[in-house]
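J.: here's my sequence, what's the structure:
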Amino acid sequence: MTSETTNPEAVRQKVREGYGAIARQGGSCCGPAKSCCGGGNAEAVATAVGYDEAELAALPDGANMGLSCGNPTAIAELQPGEVVLDLGSGGGFDVFIAARKVGPTGKAIGVDMTADMLAKARKNAMTFKEKSGLDNVEFRLGEIEHLPLADSSVDVIISNCVINLSPDKPQVWREMFRVLKPGGRVAVSDLALLQPIPPNVAEMVEALVGCIAGAVLVEETERMAREAGLDNITLTEKQGYVEALTDWKDPLFKKVLENLPPGAKMSDFVISLYVIAKKPLA
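T.: Residues are numbered from 1 along each chain as shown. Alright, predicted model coming up:
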């Protein structure tokens, strides 16, 4: 019998439910923390993974929900006039930061499969336009395995702690390759595994929505990107994020910790990973 954490449609439904709850209530899918993948303080999460105060201050209220495990806009080297796509854009956090970097001649597009998140992002977009004077953001409803974009239509793809949630990660990487222009690039922050997590943890729905059970080994991430056709792949492991979640006493991570082998730490299994890659020109 297929479990909730291995059936693709069941996985998508659990993710929709968890992140829909965050969008509607600002609370956790699993407890009182502010997010499924982040700690209880959204600003603390963002600061811990590399966002600066000026970026955070310029965001619409509620765009930052503490769902980050890195800062892909910091490694994307965004340029004015570029079209940038954010996979799993949530309330628009990275889209709004990217939109300022690409400027009025560029465009920032967010794709999310959760209707409640999309509604929140579109509401935030009105505030962003008023605060920035920019009208260069767009949010589309869709699954990252089936992106609602044309072939070779974007310069840069970013994503922040989302790909691990997909039940078909190789298809996500193939879609990224498809929509990138030749010479386009990927800048992704995600959670990855240093070693396989115990089966009892992998079966926990809480771990799934918390970005753990769906994570794959670091080398698997590189393999999927390469097999999709990307090259110039660079992987950078970022220390400290998982330890910070433990320090913040996130209830989800506390429950997962209780199910790890005695003496084991979350950081023995999970790490924040930056992935940079390019689509060949030819």
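J.: hey, let's count contacts and neighbours off CA atoms from now on
T.: Noted.
J.: shouldn't N64 be in contact with F93?
T.: Yes - at 5.4 Å, N64 counts as touching F93 under the criterion of Cα atoms under 8 Å.
J.: the two: which has the busier surroundings?
T.: Each of N64 and F93 has its neighbours counted (other Cα atoms under 10 Å); F93 has more, 26 against 20.
J.: measure the more buried one to D86 for me?
T.: In this view, F93 and D86 are 10 Å apart by Cα to Cα, to the nearest Å.
J.: try I271
T.: For I271, the distance to D86 (Cα to Cα) stands at 21 Å.
J.: likewise for M224?
T.: As judged by Cα to Cα, M224 and D86 stand 19 Å apart.
J.: who has more neighbours, the two?
T.: D86 (28 against 17).
J.: and that one, that one's in a strand?
T.: Yes - under DSSP: H, G, I helix; E, B strand; the rest coil, D86 sits within a strand.
J.: ok, now which ones touch it?
T.: Shown in contact with D86 (Cα atoms under 8 Å, 6 or more residues apart in numbering): D94, V95, A108, I109, G110, V111, I157, I158, S159.
J.: what about the closest residue in space to G81 that isn't next to it in sequence, how many neighbours?
T.: In space, G81 comes closest to G106 once its chain neighbours are excluded; the distance is 3.7 Å by Cα to Cα, 6 or more residues apart in numbering. For G106, the tally of surrounding residues (other Cα under 10 Å) stands at 20.
J.: isn't G106 up against N136?
T.: Yes - counting by Cα under 8 Å, G106 does reach N136; the two are 6.7 Å apart.
J.: spit out the residues that contact these two alike.
T.: Listed as contacting both G106 and N136 by Cα under 8 Å, 6+ apart are A99.
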